[in-house]
Each structure stands twice: as structure tokens, then as C-alpha cells.
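> The sequence and its predicted three-dimensional model are supplied below.
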Amino acid sequence: MNRDKIWYEDRLPILEDRVRVGLGKLSSRLGNSDWPDYAFSAGDLLMVTVLRRLSGSGILEKYSNLSAYVARGEARPAYKRAFDAQLAVFTGKPSTG
């Protein structure tokens with residue numbers, strides 16, 4: 001968002017480090033479980049949406065359990081319905097779910 005700011009390049013490593021610390025904590029909490037709270041919840045809908053933003057950055061891929069968590073979340077019918085509904089708001093097209 002702030003790529004045009006003069007401080008962006010200096011600040012980026014600090015921000016990435018903070019993201020990695022948070023991902024490390026989440027990865028530890030998830031462990032080998034499918035879901036952080038042991039059952040799929042609305043919180044997982046939100047978390048998967050947030051984690052998807054890291055896709056392609058190379059950061060999330062370093063946490064195989066979190067990458068698998070995102071894939072599981074995206075595959076859920078509830079996630080697909082929520083994503084389609086949110087997309088419909090932004091595109092003005094009706095949701096298919």
C-alpha cells in the first residue's frame with residue numbers, strides 16, 4: 001500500500017519479521033490439527049481470508065501446516081459461500097452460492 005513512500009524499503013523487513021512472528025505463533029497453535037480450535041468455525045473463515053493475502057509472497061509457504069490449513073479452509077463450502085458473497089459486493093454481480 002505504501003510502496004510510494006520513501007521509508008517503504010527500510011520498513012519492509014521489519015513488517016515481514018512481524019508477520020513471520022505471528023505466523024510462527026499461529027503455526028505452533030495449529031500444530032498437526034486441522035483447525036486451531038479443533039473444529040471448523042467462523043473464525044477460520046476470517047483467518048483463511050487473511051492468510052490468503054500472503055499467497056505468492058513466499059512467506060506462508062514456509063509454514064506447511066498453515067498452507068495446508070488455508071487449502072482446507074478454501075475447500076469448505078461455507079468458505080466458498082462467504083467468499084462468493086463478498087466478491088459479489090465488490091463486483092456488483094450476484095453470488096452463485
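Sure thing, it's come through.
> going forward, measure contacts and count neighbours with C-alpha atoms only.
OK.
> Give the residue spans of this protein that score low on pLDDT.
1, 95-97 (pLDDT under 70).
> residue at max distance from the center of it?
Distance from the C-alpha centroid of the chain, by CA atoms, centre = their mean, peaks at residue 6 (27.7 Å).
> Send over the top helix by length along the chain as PDB, restricted to the C-alpha atoms.
For the chain, the helix with the greatest residue count under DSSP state H is helix 8-30. Taking C-alpha atoms only, helix 8-30 is exported to PDB below (Å, rounded to 0.1, in the frame of the first residue of the first chain):
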ATOM      1  CA  TYR A   8       8.900   1.800   2.500                       C
ATOM      2  CA  GLU A   9      12.100  -0.100   1.600                       C
ATOM      3  CA  ASP A  10      13.500   0.400   5.100                       C
ATOM      4  CA  ARG A  11      10.300  -0.600   6.800                       C
ATOM      5  CA  LEU A  12       9.500  -3.700   4.800                       C
ATOM      6  CA  PRO A  13      11.900  -6.100   6.600                       C
ATOM      7  CA  ILE A  14      10.500  -5.000   9.900                       C
ATOM      8  CA  LEU A  15       7.000  -5.700   8.800                       C
ATOM      9  CA  GLU A  16       7.900  -9.000   7.300                       C
ATOM     10  CA  ASP A  17       9.600 -10.000  10.500                       C
ATOM     11  CA  ARG A  18       6.400  -9.200  12.500                       C
ATOM     12  CA  VAL A  19       4.400 -11.200  10.100                       C
ATOM     13  CA  ARG A  20       6.700 -14.200  10.500                       C
ATOM     14  CA  VAL A  21       6.500 -13.900  14.300                       C
ATOM     15  CA  GLY A  22       2.700 -14.000  14.100                       C
ATOM     16  CA  LEU A  23       2.700 -16.900  11.600                       C
ATOM     17  CA  GLY A  24       5.100 -18.800  13.900                       C
ATOM     18  CA  LYS A  25       2.700 -18.400  16.800                       C
ATOM     19  CA  LEU A  26      -0.300 -19.500  14.600                       C
ATOM     20  CA  SER A  27       1.700 -22.400  13.200                       C
ATOM     21  CA  SER A  28       2.600 -23.600  16.700                       C
ATOM     22  CA  ARG A  29      -1.100 -23.200  17.900                       C
ATOM     23  CA  LEU A  30      -2.300 -25.200  14.900                       C
END
